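> Mind looking at a prediction? Sequence and model below.
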Amino acid sequence: MGRSTGSADLPLHGGRVPPWLATRMAALGRVITEAIVVHAGRDEWLRRMAHPFWFQSFGAVMGMDWHSSGITTSVMGALKRGLQPVQRELGIFVCGGRGRHSRRTPDELLAVGEQTGLPGAALAQTSRLVAKVDSAAVQDAFELYLHSFVVAEDGKWVVVQQGMNGERRQARRYHWLSEEVDDFVDEPHAAIDGPNQGTIINLTDRRASRSRQAQLELVAEGPDRVLATVRRLRETPEPQPTQQALPHLSLPAHHDVRESDVVLRRLHGALAAAAERGPKDFSSLLMTPGVGARTIAALAMVSEVIYGAPHRFSDPGRFSYAHGGKDGHPFPVPLRVYDETIRVLKGAVEKAHLGNDERLSAIRRLDQQARRLEGVVEGKPWQDLLMQERRASPGYGGRTVFGPAKAPVETTKRRSPKRQAKADPKAGLKEQLSMFTKAGMPRRRKS
């Protein structure tokens, strides 16, 4: 059984994930996965992995470039490394990957079958069929180079694979989920959606059933019957069935995160929730030493990735506000905040495994509060929020692929390097959160 659940068009980017980020992505990916499984079960995690908007937001909250093709490779690699130590406990196995790793997927699935009792040979055949459908049966000028197959211990699975078009400098990601469809060659997709980039060949369409049959007959009987069928189709066109559009994510080429890429009311709601719920939940309930206001703001974004509804992931760039981006967009990755986020989530998940879900419930309340507040609070423009983060970045251990973060030029002019090093690293966030608070409460919009 298999179903294509959506696709994403992304700018094609090169480069590698630095080790300091790769290890953190593996840790954060693991703990977010565990939190979702504890809260909603494996099936829900598989469904989220099969949703292109959620997947992109998942990668953005990990500190990857919010819009690039590299999110696919990096997220799947991080999950493969991060979940490996707990795969038997979670019942989730990540196979395949990019390039030569994708070609090893069938062998890895056979090994999973030996460990779990699942039909490894059948899973390997499914892996090959899914790859063939999106590379041969559907020819859209994107050549597959990544194939990741995630299977649960009950046999349900999700496939994330990606192709590239070098001429257009674009990548396309395909998501599959093992639900509702039991034929890989007769409309396994609910639809095929994307910008019109020319004529494609789709032999999985119901209208192509005669073409598929004709190709078989061509081998046995020659081309005469095929030519007759083509003439008949020209005289009597088949009806055009209506297709339901799949979720399709198409991201811009610009590297910076712009205000138009973010639903600001959602971000303002998350920051206001951090200001309002933080003192209640993270001081008196979580009791986690070292957790600061900036970590609570990051957790407000992470909580939405764990608990948020699918329709709320239409602006993946917003989730880059949690931990920045490795190339410095929208700001450098704040390593100290990142590590605190992982530590808090890990502690909450460990408690939940022991039957105490108070800490996970506190994190969930951040998401609930953010949704309540986003329609009534006001906040500063996007560029002002980014500048505050960039000013505070050196104090948070900010880093990019180019090295440690430096204060913006305007800040450097006001302070000497020595004074800057002594500056309060939380000053930027305090200034940021202060715009939402008055006497400790969010500032509401006037009706």
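It's in.

> Poorly predicted segments of the stretch 301-447 of the chain, please.
Scanning the stretch 301-447 of the chain for pLDDT under 70 picks out the ranges 410-447.

> could you redo the last one with a cut-off of 50?
411-413, 415, 417-418, 420-423, 425-429, 431-442, 447 (pLDDT under 50).

> Run through the strands of it in chain order.
333-334, 398-400, 403-404, 437-438, 441-442 (DSSP state E, counting those that start in this stretch).

> what's the answer for the stretch 1-150 of the chain, then?
Here the stretch 1-150 of the chain has its strands, by DSSP E, counting those that start in this stretch, at 3-11, 92-98, 138-139, 143-152.

> Those strands into JSON lines, with extra columns for distance to residue 293?
Bear in mind the C-beta positions are built from the backbone N, C-alpha and C, glycine included. Converted to JSON lines, these look like this (distance: least, CB to CB, whole Å):
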{"stretch": "strand 3-11", "distance to residue 293": "33"}
{"stretch": "strand 92-98", "distance to residue 293": "34"}
{"stretch": "strand 138-139", "distance to residue 293": "48"}
{"stretch": "strand 143-152", "distance to residue 293": "36"}
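
> Let me have those in a markdown table, extended by mean neighbour count, mean pLDDT and distance to residue 302.
Output for those, formatted as a markdown table (neighbours: other CB atoms under 10 Å; pLDDT from 0 to 100; distance: least, CB to CB, whole Å):
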| stretch | mean neighbour count | mean pLDDT | distance to residue 302 |
| --- | --- | --- | --- |
| strand 3-11 | 23 | 63 | 21 |
| strand 92-98 | 23 | 96 | 19 |
| strand 138-139 | 17 | 70 | 35 |
| strand 143-152 | 22 | 93 | 21 |
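
> To residue 371, which of the ones you listed lies closest?
Closest to residue 371 of the strands of the stretch 1-150 of the chain is strand 3-11 (CB to CB; 23.5 Å).

> Need phi/psi at residue 142.
phi -110, psi 120 (degrees, to the nearest 10).

> Number of residues surrounding it?
25 (other CB atoms under 10 Å).

> Please list all residues in contact with the spatially closest residue to it that is not a sequence neighbour.
Counting by CB to CB, 6 or more residues apart in numbering, residue 163 is the residue found nearest to residue 142 once chain neighbours are left out, at 3.3 Å. Shown in contact with residue 163 (CB atoms under 8 Å, 6 or more residues apart in numbering): 134, 135, 140, 142, 143, 144, 145, 171, 172, 174.

> Quick check: residue 161 vs residue 144, distance?
Distance, residue 161 to residue 144, by CB to CB, to the nearest Å: 6 Å.

> Common neighbours of these two, please.
Applying CB under 8 Å, 6+ apart, one finds that residue 161 and residue 144 are jointly contacted by 102, 131, 134.

> these two touch, right, the last one and residue 159?
Same thing as residue 134. No - with contact taken as CB atoms under 8 Å, residue 134 and residue 159 are classed as non-touching, separated by 9.0 Å.

> anything in contact with each of these two?
Common contact partners of residue 134 and residue 159 (CB under 8 Å, 6+ apart): residue 174.

> SS state for residue 160?
strand (DSSP: H, G, I helix; E, B strand; the rest coil).

> What about the spatially closest residue to residue 323 that is not a sequence neighbour, how many residues nearby?
Excluding the flanking residues, the one nearest residue 323 by CB to CB, 6+ apart is residue 63, at 4.3 Å. If you count neighbours by other CB under 10 Å, residue 63 ends up with 26.

> Check the one 4 residues further on too.
Using other CB under 10 Å as the criterion, residue 67 is surrounded by 29 other residues.

> try residue 341
Using other CB under 10 Å, residue 341 has 28 other residues around it.

> Residue 80 now?
21.

> Report the beta-bridge partner residues of the closest residue to it other than its chain neighbours.
Leaving aside its chain neighbours, residue 80 sits nearest to residue 94 (4.2 Å; criterion: CB to CB, 6+ apart). Beta-bridge pairing of residue 94 under DSSP bridges involves residue 150.

> residues touching residue 94, list them.
By CB under 8 Å, 6+ apart, the contact set of residue 94 is 76, 79, 80, 83, 84, 87, 148, 149, 150.

> Out of these, which comes closest to residue 108?
residue 149 (7.9 Å).

> how far away is that closest one from residue 102?
Taken as CB to CB, the span from residue 149 to residue 102 is 9 Å.

> do the same with residue 404
The value you get for residue 404 to residue 102, if CB to CB is used, is 35 Å.

> cool, and residue 87?
19 Å.

> the more surrounded of these two?
Per other CB under 10 Å, whichever of residue 87 and residue 102 has more neighbours is residue 102, with 20 against 17.

> Looks like residue 334 contacts residue 400 (just checking).
No - using CB under 8 Å as the test, residue 334 is too far from residue 400 to be in contact (11.0 Å).

> okay, the contacts of residue 94 in JSON lines with distance to residue 21 next?
Below are the contacts of residue 94 laid out as JSON lines (distance: CB to CB, whole Å):
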{"residue": "76", "distance to residue 21": "15"}
{"residue": "79", "distance to residue 21": "15"}
{"residue": "80", "distance to residue 21": "16"}
{"residue": "83", "distance to residue 21": "18"}
{"residue": "84", "distance to residue 21": "18"}
{"residue": "87", "distance to residue 21": "22"}
{"residue": "148", "distance to residue 21": "19"}
{"residue": "149", "distance to residue 21": "25"}
{"residue": "150", "distance to residue 21": "22"}
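
> Which of those residues sits closest to residue 307?
So of the contacts of residue 94, ranked by how close each gets to residue 307 (CB to CB), first place is residue 79, at 19.1 Å.

> tell me the contacts of the closest one?
26, 29, 30, 33, 94, 150.

> And it, how far from residue 92?
Per CB to CB, residue 79 is found 9 Å from residue 92.

> what sits in contact with each of these two?
Shared contacts of residue 79 and residue 92, defined by CB under 8 Å, 6+ apart, comprise 33, 150.

> on that earlier part again, what about residue 334 and residue 400, which has more around it?
The residue with more neighbours, out of residue 334 and residue 400, is residue 334; 29 against 21, by other CB under 10 Å.

> Thought residue 177 was touching residue 47, still the case?
Yes - between residue 47 and residue 177 there is a contact under CB under 8 Å: 6.5 Å.

> When those two are compared, which one has more neighbours?
Set side by side, residue 47 and residue 177 show more neighbours around residue 177, with 22 against 19, by other CB under 10 Å.
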